[in-house]
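Novice: Dropping the sequence and predicted coords here.
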Amino acid sequence: MPNVVKHHPNQHSESDLNSTPKYTGRFAPSPSGQLHFGSLVTALASYLDAKHCHGRWLVRMEDIDEPRCIAGTDTAILHSLEAHGLQWDGEVMYQSQQHSRYQEVVNALLHHQQAYYCSCTRKMIKAMGGTYNGHCRDKGLTPSNGRLAIRLKLEAELAPFTDLIMGEVSAPHQKLAGHKVEKQRVEDITIKRRDQLFSYNLVVVLDDVFQGVTHVIRGCDLIDVTPLHRCVHQSLGYQPLEYGHVPVAAIAPGRKLSKQNHATPIDNTTALENIVRALHFLGFDEVKRQDFNSIDSLMSFAVSLWNRKKVVKTPEIIVPQHESTYYSVP
């Protein structure tokens, strides 16, 4: 189908392509909690990769799920980024202010019959085996049938890709009856929920296209969903981005630092120490705190030092338990 994301004044036109960096990265925190050590690591890796490549680095607030967002947290996150020398380019974009653009795309997908209304509940999908089977694809439901979700038609298989940091990543597989392993086909994902909230898996792709993002460096907790995001890019008529994933900080195996487990907010008064510790976490042990007397000098050195090949190739690294204010053995 034709591209459904239309040109916007903030996007790059043909006339300014020569002046636009070939690399645009982004950090997209959710304002449901303050910046913690794990999110600092991700922000730092994303920033260093962009600046080492002489590119732009954007910050986007992923506040699409507004009921989960905490008032004032966005300001606290931005303040922490600035305190740690992570200065973004341009204005910060808020997903909560982009609803009309998202709806325009959803309307276009419905018009082109690339999306459809779905009445299936979680209970029904559980009865399907936990994966939606396309039950409503050809039912021709309309809003008159009640409060319905909207799903995007996806025909492709989840494909392997080359991660900029972790290397070759295989596509997810599923075991069928008789233990036969087959490539996993993509279920038609929800792009607008029954409660009228837009889906993260849609808006993250739309926003990356809208902002001209070319490279995404993020945590390994999202590496499994990357094949899906690449598939959505292709279904909307766009080339997938370049993705790189760094280890996540965890308080126990499989339990990453997160806002849900009350990860300790980063202390802005110890920015130098925090950045050095984050660099060590990523594999740059040669950086010594005593060699720097300002965050600017440290960040300048870190940009020149950055090398994707040196990043630790493991999905997660265990950090001290005090990084979470709520810790229990799983």
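Specialist: On my side now, so go ahead.
Novice: Can you list the low-confidence ranges for this protein?
Specialist: Filtered on pLDDT under 70, the chain yields the residue ranges 1-21, 173-185, 259-261, 325-330.
Novice: Spell out, range by range, the helices that occur in it.
Specialist: Across the chain, reading from the start of the chain, the helices by DSSP state H fall at 37-52, 73-83, 99-111, 122-127, 200-210, 226-235, 271-282, 295-305.
Novice: so how far is the last one off the chain centroid?
Specialist: Put simply, helix 295-305 sits 25 Å off its chain's centre (CA atoms, centre = their mean, to the nearest Å).
Novice: re earlier: determine which stretch of the helices of the chain is the most buried.
Specialist: Between the helices of the chain, the one whose residues have the most neighbours on average, counting mean count of other CB atoms under 10 Å, is helix 37-52 (a mean of 25). For glycine as for every other residue, the C-beta is placed from the backbone atoms N, C-alpha and C.
Novice: quick one, it and helix 271-282 angle?
Specialist: Comparing the axes of helix 37-52 and helix 271-282 via axes from the mean of the first three to the mean of the last three CA atoms, to 10 degrees yields an angle of 90 degrees.
Novice: coming back round to it: any chance of CSV for the helices of the chain, columns distance to Gly146?
Specialist: Output for the helices of the chain, formatted as CSV (distance: least, CB to CB, whole Å):
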stretch, distance to Gly146
helix 37-52, 39
helix 73-83, 35
helix 99-111, 17
helix 122-127, 14
helix 200-210, 21
helix 226-235, 26
helix 271-282, 49
helix 295-305, 53
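Novice: Wait, Tyr243 touches Val216, no?
Specialist: Yes: with contact defined as CB atoms under 8 Å, Tyr243 reaches Val216; the gap is 5.1 Å.
Novice: Nearest to Asp163 among the helices of the chain would be which one?
Specialist: helix 226-235 (7.8 Å; CB to CB).
Novice: Which secondary structure elements does that closest one sit against?
Specialist: Using 3 or more CB pairs under 8 Å, 6 or more residues apart in numbering; DSSP states H and E as the contact criterion, the neighbours of helix 226-235 among helices and strands are strand 161-163, helix 200-210, strand 242-246.
Novice: Can you redo these as TSV, where the extra columns are distance to Glu91?
Specialist: Listed next are these as TSV, based on distance: least, CB to CB, whole Å:
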stretch	distance to Glu91
strand 161-163	30
helix 200-210	13
strand 242-246	24
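Novice: Out of these, the one nearest Thr314 is which?
Specialist: When the helices and strands packed on helix 226-235 are ranked by proximity to Thr314, the top entry is strand 242-246, at 9.8 Å, counting by CB to CB.
Novice: Contacts only, for Glu242.
Specialist: Counting by CB atoms under 8 Å, 6 or more residues apart in numbering, Glu242 makes contact with Leu164, Thr214, His215, Val216.
Novice: Select, out of the helices and strands packed on helix 226-235, the one closest to Ala45.
Specialist: Evaluated with CB to CB, the helices and strands packed on helix 226-235 place strand 242-246 nearest to Ala45, the distance being 4.6 Å.
Novice: angle of the closest one against helix 271-282?
Specialist: Strand 242-246 and helix 271-282 meet at an angle of 100 degrees, taking the same axes, to 10 degrees as the criterion.
Novice: Roughly how far does Ala250 sit from Arg68?
Specialist: The span separating Ala250 from Arg68 equals 22 Å under the rule CB to CB, to the nearest Å.
Novice: next one: His36
Specialist: To Arg68, His36 is 16 Å away according to CB to CB.
Novice: Between the two, which is the more surrounded one?
Specialist: The residue with more neighbours, out of His36 and Arg68, is His36; 22 against 12, by other CB atoms under 10 Å.
Novice: Out of the helices and strands packed on helix 226-235, flag the one nearest His135.
Specialist: Among those, the nearest to His135 by CB to CB is helix 200-210 (19.2 Å).
Novice: CA atoms of the closest one as PDB?
Specialist: Output of helix 200-210 as PDB, limited to C-alpha atoms (Å, rounded to 0.1, in the frame of the first residue of the first chain):
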ATOM      1  CA  TYR A 200       2.400   1.500  21.300                       C
ATOM      2  CA  ASN A 201       3.400  -0.900  18.500                       C
ATOM      3  CA  LEU A 202       1.800   1.500  16.000                       C
ATOM      4  CA  VAL A 203       2.800   4.900  17.400                       C
ATOM      5  CA  VAL A 204       6.400   4.000  18.000                       C
ATOM      6  CA  VAL A 205       6.700   3.200  14.300                       C
ATOM      7  CA  LEU A 206       4.700   6.300  13.200                       C
ATOM      8  CA  ASP A 207       6.800   8.600  15.300                       C
ATOM      9  CA  ASP A 208      10.100   7.200  14.200                       C
ATOM     10  CA  VAL A 209       9.100   7.800  10.600                       C
ATOM     11  CA  PHE A 210       7.600  11.200  11.300                       C
END
